[in-house]
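the sequence isn't on hand, but the structure is:
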């Protein structure tokens, strides 16, 4: 009986230690702490363009960004290219304002119909590779609008990272980029 209890205690301690160790993204697994890094994985929904540029920089490109705080008569969409250095630290944001399609509800993400602009931004990356990237969250203000990946908390204390502007992608633990809320 003593051996069984010792094994159980050792297993529980090992599990507790493992859950408190930092993972490769900088946050502790299951710790409830804000992450220093998170993963953005390309998909066929809201994240079609995430990966590594020819020069090693990490990137995320979207034509679905929109200012949720703009008045209806000022509604604007944006094509945004978010760039990080090869080590995942924030580098810069390149933003272009585009018109939102008529009839799109104010809080709904929808492509800006700016295919030529998206193609131009992709060409600036050289030979790029679509792949999951591990990067730090950041925000920066361009022309009075906040762009980036903002760390915030729900009322229950749970951390999340939401895209800005638009709030249409929200990542949460385990920060692996495989699942997000929209």
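Happy to help now that I have it. Since this is a predicted model, take the numbers as computed values, not measurements.

count the neighbours of the closest residue to residue 52 other than its chain neighbours for me.
Leaving aside its sequence neighbours, residue 52 sits nearest to residue 129 (CB to CB, 6 or more residues apart in numbering; 5.0 Å). C-betas here are computed from N, CA, C, even on glycine. Other residues near residue 129 number 11, with proximity taken as other CB atoms under 10 Å.

how about residue 152?
Neighbourhood size, residue 152 [other CB under 10 Å]: 14.

where along this protein do the strands fall?
When secondary structure is read from DSSP state E, the chain shows strands at 38-40, 49-52, 58-66, 76-84, 90-99, 129-130, 133-135, 138-142, 145-153, 159-164, 170-171.

need the helix or strand of this protein with the lowest average pLDDT.
The weakest-scoring helix or strand in the chain, judged by mean pLDDT, DSSP states H and E, is helix 2-20 (a mean of 37).

quick one: low-confidence parts of the chain?
Along the chain, the parts satisfying pLDDT under 70 run over 1-31, 68-75, 100-113.

tell me which residues in stretch 130-137 are buried?
Applying a neighbour-count criterion of 16 or more other CB atoms under 10 Å, one finds 132, 133, 134, 135, 136, 137 buried in stretch 130-137.

what is the nearest of those to residue 89?
residue 136 (5.7 Å; CB to CB).

that closest one: what's it in contact with?
Contacts here follow CB atoms under 8 Å, 6 or more residues apart in numbering; on that basis residue 136 touches 26, 36, 37, 84, 88, 89, 90.

neighbour-wise, which one of those residues leads?
residue 84 (23 neighbours).

would JSON lines of the contacts of residue 136 with distance to residue 77 be doable?
Rendered in JSON lines, the data for the contacts of residue 136 read as follows (distance: CB to CB, whole Å):
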{"residue": "26", "distance to residue 77": "32"}
{"residue": "36", "distance to residue 77": "30"}
{"residue": "37", "distance to residue 77": "28"}
{"residue": "84", "distance to residue 77": "23"}
{"residue": "88", "distance to residue 77": "27"}
{"residue": "89", "distance to residue 77": "28"}
{"residue": "90", "distance to residue 77": "23"}
